[in-house]
Structure formats: structure tokens, C-alpha cells
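Trainee: Build the 3D model from these lines:
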Amino acid sequence: MSDTLTPMMRQFMEIKDQYPDAMLFFRMGDFYELFGEDAVLASEILKITLTSRDKGEKKTPMAGVPHHALEGYLYKLVKAGHKAVICDQLEDPRQAKGIVKRGVTRIVTPSTIIHHDGVDPSQHNFLAALHGDDDDICIALWDLSTASVKLLRSNREQLADDLRRYPVSEYLVCRDGLLEQGQLVQAPQQSAADFARFEHGHAMALTMASAYLEGTQLRTVRPRSIEDLSARELLLMDENTCVNLELLRNMGGGREHTLLWVLDRTRTAMGGRLLRDWMRHPLYQQHAIEQRLDAVELLAGQYTLTGSIRDTLGRIHDLERLINRISLDQHKPRDLVALRQSLRFTQELRLQAPHCADSPLLQSQFGNMEDFTSLLDLLDRAMCDEPPVTVKNGQVIRSGYDAHLDQLRDVRGNARDRILHMEAREKQATGISSLKIRYNRVFGYYIEVPKTHQNRVPAEYIRKQTLVNAERYVTEAIKELETSILEAEEQLIPYEESIYADICQQVLQWFDPIINAARSIACIDVLSTFAEVAVAYDYRKPRISPDPVLHVQGLRHPVIEKLSVEPFVANDLVLNTDDQQLMIITGPNMAGKSTYMRQAALAVIMAQMGCFVPATEALIGLCDRIFTRVGASDNLVEGKSTFMVEMSETANILHHATRNSLIVIDEVGRGTSTFDGISIAWSVAEHLSSQGPIGARTLFATHFHELTDLERELHGVVNFHILIRENHGTLHFLRKVAPGAAPKSYGIEVARLAQIPLSVIERAHEILQNLEAREYSPEGRSSVVHSQDPPFLFGAVEDPLVEKIRGLNLDECTPRQALQILYELKSEAGGSDTSRGG
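Mentor: Okay, the predicted model is just below:
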């Protein structure tokens, strides 16, 4: 290290050398400063001014941000892919002997941003710790900002798909004891003991995450709730299904026009996060589902009660993140004020418990909220109503809470009045009207007397400084006044900080009750949201059955209904494992096949979440999994063609579906030749049917009209189609589902609607008539069923007469032989020979 460095820069370099892969924010007074390459990079990313510390040839680049705005800058930096190290002053610079003592207080990474400016309030911010082998990967999803963990299992094939379902900002992978995210981290023995109750793989993932987070926070970090999703009875959906049904994100990755967009009327950040959790993981337990539905029914039927509850919820801040910021010492005085307000309204919310006695679920949630009267009393007595941004600005603690603090404030606050009072007294005692009491940093407080009045200066005045036109003096009284004022100034902020720290420690004794209350508030928020949505959109309470049935009357699509200007056309749906197990749905594009199938899946998801459904009546048999095979496109990243993507999705269904699943297939076999596609689609339908190994409730939309023959071949397969009215070549989509197969695909008519040139449309009609003439038997059955010979798309099997003609050698035939051959060919073709002469 260069001997030319100042002590401060030497201190900076010593700390920077310990964190070469991070940007070091070095506290200097009211700013966090960055030096060297960190400063250059920060100026580009954060758009802050770049200066230099030293003058001359060797200038050190320098950039800084105000300490009170740090969190916003950290968020931008981390979003840009960088890690930050925060180095704070560990002592008061006024009391430091030599250079101010500094040290690292935390390391900021994507998963450790917990300040509200950098975290989406309605989303978790997970660190994903992975442990295991290719066949069994245990995952711990740890949200530091809410002290919550979710455990799940996966394998190498499903891992990427499983993780895409969660808002993960950072991944931690262990190989041979090394954390790929950084250096080797030795897991604390205490952490390992804490997680010993979990299966080994999950215990290891938890220990890894705990070690990593404690390494960034430089303090003990513990989760307050651990939910093992792999052990719960839940409705399973892969990411492909979530995307196809647009549950949380639309096809463009946004929130608009999704089921979440329709349902999310939550009033709290905790409720917003819980709603997303319920949407990712609907229940697969009848009793638990019915408890939620009963709670929603009670709230939907009591408009005044629900309105009061939701008004109160709207005044509650994010309790989970508030208390966690306090526990991690990343809080501000205003966080305690927000906590006080939230607890006050939590108390008000508890008063509604007697009105919800008929709902065991609501009663249990209200019962989880403790009485916070004593904590509120502390916060009311201690905290000012509108404190400054930081405690270093003072005026955080309310007057009357601490007598000594009040005394220090009085000394400092009344200093000017005391000085003016002393000045007036000295003027009167000396008779010098021009006498002044002044202050500077060199001499402190002093009395200044013009030289014209030197003869009136009392003997007890001690000369301190002589000026051209005046003399400056001190007295024992002014020394005492100065000492009391300066001591008050020096002691006030540190003393107020110590009181504030003590209050925070008292608040943290309520950590678990506050977390429990936050989670109950979230549940009440979601249930009351479901009630409000049910009333607003006329959703009805579904009946839940353990049997694999799906009977819905007046079923609607929740998103399209909300978007549509015209009244939505509702449809009925009946699926079971007997006479209507697999529904073949035909009809043209844009008629509503996809909407019909998707709304069925959404109804099941909503019901098993505990939400009412968009229908007039619904009987929902429990589904263990929902699968969708909808559309496809090339996956360039994985090198898969459209057809390969389609087949992979279909294979996933065939391998994992059970009798209790719900399957939605919107076309299969389109990405290959027509007859390959028909063959695959036919075989898949057979496999899914009640006579195959799966027999799950299935909605199967297709443009292959040949598949409608399955109704005659397999028990439980039924044909349905979307009604169309055709008027002089113009299609009118009636959006109504009716029994039977569509009379035709209407593909050419849809092409006309898309403004394909008329000449192309007319030629397409000609080709279609030719193909249809060859496709069906006289009985109207498709060639796939009635013929054992393989069908041909553009021609029949070659005629023997054609083969005979091709075998003739016309050059060697006489005219008479040629005429004889012609009569023979005509005879073989079935023509008469009445024109022949004798």
C-alpha cells in the first residue's frame, strides 16, 4: 500500500481489499463516498457527479450519495447486477481520537434489499438455496424482508420450470462445500441445529441460506415461518399451465388481463403477497377449501361488516416488513410511527371478531391477534407523530417521555433566550448599552465591549481578545452558560439515539405476536377480497366434491367478462369419469373453444383457492393437478422446434396426469404433416380416455374432424362444438357450446375474414371439395376409421388401368391392335361396347 495515502484512504483501501467484488460505500459525514473504479462505475449507473479527491497528477475518482437517500441508490445498483458493501462510522467523529473508526455493517445483494423503496410490496423477494442431486433437489426459498421460507422439491428436468413460478432474485448452489455465489461460508452450528427437524436435503438448503444471509447482515438471521410445500396437499400446476391460463402474468409478462388483475382488490401488502401464494398453490383438501368458502360466504352476505373490515385493512401498513426492518436494524423513526398506526388499526380489527363467529377460519385468524395495548401505550408515549427521516436529526422522542432528554432539549432550545437575558442583565449592570454577547468556534461565548466604554468594564471581566475598536471578555457566569449549552448540544443526539434504540428493543420483544397478526391480517384481507369480488361480479359459491366431476352451469371467463363491452355468453359444462369424461370440441378459430376450456380450468383453480366462481351453479370435484397444452412456438434457447415443444408438453401430461387431474388440450399434432398429426392426436385421446391408463377429465379442442369419430369408438368420449351462424359466406360466432361435432372447420371462411385475397379463397374451395370427396366413406365415416389402408392427402391409390396403360409400347402396335386395346380398357373401366360393329 502506498505510503503517500492519507490515513483515511489507507482505511478505505484496507476494507476495499476484503471485498474486491463489491462496490464499497464509505461513510464520511452526511455522505457515502465511493472511490476509484467504484466511483467511476457508480457515476455511470446512478447518474451522480464524478469528482476527484486529490489534486495534481494522481487524482482519485470520487462520487457520493446523501446518507438519507442511500436505499434508493442501492436498489438501482443491485438491479444493475452489482453487489454493495456498506461501511459506516462506528463512533462519533467529535469524540474520535485520530481517524474515525469505521467498519462494514452489511452487504447488499439482490435478495437482501429489504427497504420499501426497493422491494415490490405485493411480491416476495426470494433467495433460492438449492441442495441435492439431479434426481432430488431440495430448495429453500427465503424472503429476508418477511422472515418467511418456503420449501419445495424438484429435479434437474423440472428445476427451471419450478423456479420460474416464484419471484427469485438470487440463487445459491452448493457444490463440494463451496457456495457458488461467493467464498466458502461455514454454516453456524446453531443454524444447523435449528433446522434439524427437517429432512436432510431441506435442512442443508436452509443452513446454506442462513449462513449466506448472516454473512450479508453480519447478525443472526432466523426465519419466523417455514412452509414445506412438498408436504402439503395442494393442487399442482407447472409453470406452463400458469402461463397458458394467465394466472399471474399475461403472455407479455405484465399483470393486466390476468386472473390476478381481476381478483386483486387486497388492501394490504401482506394480503397481496398471500393472494399470489394462494393462486400458485390452490388447496387439495376439501375441508380446508370449504372453510375458506364458508368465510367468504359470511363476508359476502354482510355488506356493512365487510366494508368496515376492509376500510380498517386499508389503514394497516406492511407489518411483516416493518418489524423485519427493525430486527435487521435497517429502519427509520417513521417505521415505528407506521407500526404504531398499524397496530392501532389491528386493535380496531379485532373488535369485528364477534361478528364472524359462524366462520371457524375467521375466528381462528382473529384469535391469532394479540392485544397490543401495552405496546401502543409505549409507542404513544415515546414517539413523536411526525419524526424526521433519521434519529440524528433529533425530535424523534416525544417530550415528557424522558426527563433528562427534556432537560437537555430545554438547555439547548432556550440557549438563545438565556444569552439574551444575560446580555440584558450585563447591560443594566454596567450601563453599557452597546455591550453584546457573541459566539465563535475559537473562543466560544464572550462579551464584546467597544473601547469607548472600557472605563465601565467591571473587574470580574477577564480580557480574552483585543480588537481595533473593541475588547472581548469572559466571565465565570458566561463560562458556565457555555459549558451547559455545549454539553447539552454534545449529549442530546447520542442520548436520544440511545432512547430510540431501547424503544426498538422493547418493540422487538413483540416480534412473534406482530408477525402472527400480520399473517392473520393477510388471510382476512384475501378472504374479504374474495367476498367483495364475488358481490361485484356475481360469482357463486361452488360445492366441492371428492369425486372426479365437474358440473358447472352458466360458466364464464372472469377476465374476458371483465374486458368485454357486450354481455358474456355463458356456457354449461359437464365432465365426469363415466359418460362424459373426454370432450372433443370442434369449431373454427376465434369461435371460443380456447375461452371455454380455459374458463373451466380457472373455475377449478378459483374454487380450490377458496374463491367463488363465475357461474350460476358449480359442483367442483377436487383436482390434484391441472395440465394445459395450449399453442406452441419455437424454443430457440433450448433448440426446440414448435412441434418438439408441443410434444414435450404432451409427454409431460401423459407421464404425470392421474384420474383426478383436469387436462386442457387446445390442439395437438399441428406441427407436423396432417396425417402424422391426426395419428398422434387420435392416439393421445385414446390414452387419456376412460379406456386408457389415465381416464382424467379432459377438454380436447381440435381441428382434426376425424377425431369426432372417437365418440362412436370409445365410451365416455363426447363431441361438442361452438355454434356458428353462416349468412352468405359471412360467419357470426354465437359463442354457445352445443352437443355434436361441428359440420365443418370454417377455416376458409375465417381466412376470408382475415382478408385473404378472393382468388386464393376460391381456389381453396376447389381444393377442399376435391379432398373431402376422398376423405369420407359413403356412410360418412372418416377414412381413419372405415379403411385399413393408409389414406392419401392428394390422391387415391393408383388405378390398375393406369399401370396397364403405362406398360404399353405404342410404337410396336398396329392400328387394329391399338383399337382392340382401347376396347379392352373401356370394358375394364365398366363402359359398354354397343358401338362395336360385326
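
Trainee: correct me, but Gly400 touches Arg381?
Mentor: Yes - the pair Gly400 and Arg381 qualifies as a contact (CB atoms under 8 Å) at a distance of 7.5 Å. Bear in mind the C-beta positions are built from the backbone N, C-alpha and C, glycine included.

Trainee: Show me which of those two is the more surrounded one.
Mentor: The residue with more neighbours, out of Gly400 and Arg381, is Arg381; 13 against 10, by other CB atoms under 10 Å.

Trainee: Contact partners for that one?
Mentor: Arg398, Gly400, Tyr401 (CB atoms under 8 Å, 6 or more residues apart in numbering).

Trainee: Rebuild these as TSV, extending it with pLDDT, distance to Val717 and secondary structure.
Mentor: What follows is those, written out as TSV (pLDDT from 0 to 100; distance: CB to CB, whole Å; DSSP: H, G, I helix; E, B strand; the rest coil):
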residue	pLDDT	distance to Val717	secondary structure
Arg398	96	75	coil
Gly400	96	80	coil
Tyr401	97	77	coil
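
Trainee: which residues sit in contact with the nearest residue to Gln158 once chain neighbours are set aside?
Mentor: Closest residue in space to Gln158, ignoring its immediate chain neighbours: Asp238 at 7.5 Å, by CB to CB, 6 or more residues apart in numbering. By CB under 8 Å, 6+ apart, the contact list for Asp238 reads Gln158, Asp161, Asp162, Phe627, Asn652.

Trainee: gap between the one helix or strand the third one maps to and the chain center?
Mentor: When elements are defined using DSSP states H and E, Asp162 is found to belong to helix 159-163. Offset of helix 159-163 from its chain centre (CA atoms, centre = their mean, to the nearest Å): 15 Å.

Trainee: Same question for stretch 280-295.
Mentor: 22 Å.

Trainee: Below-threshold pLDDT in the stretch 501-650 of the chain: ranges please.
Mentor: Low-confidence regions of the stretch 501-650 of the chain, defined by pLDDT under 70, span residues 631-640.

Trainee: what about the strands in it?
Mentor: In the stretch 501-650 of the chain, the strands defined using DSSP state E, counting those that start in this stretch lie at 543-545, 550-555, 571-575, 582-586, 617-621, 625-630.

Trainee: what does the stretch 351-500 of the chain give?
Mentor: Under the criterion DSSP E, counting those that start in this stretch, the stretch 351-500 of the chain carries strands at the ranges 436-440, 444-450, 462-466, 470-474.

Trainee: and if you look at the stretch 701-838 of the chain?
Mentor: 717-727, 730-739.

Trainee: Show me what the longest one is packed against.
Mentor: Using 3 or more CB pairs under 8 Å, 6 or more residues apart in numbering; DSSP states H and E as the contact criterion, the elements in contact with strand 717-727 are strand 582-586, helix 710-713, strand 730-739.

Trainee: just so I have it, where are all the helices in the stretch 651-800 of the chain?
Mentor: 674-688, 710-713, 747-753, 758-775, 783-786, 800-806 (DSSP state H, counting those that start in this stretch).

Trainee: Just say which of the ones you listed is most tucked in.
Mentor: Compared across these, helix 674-688 shows the largest average neighbour count, a mean of 19 (mean count of other CB atoms under 10 Å).
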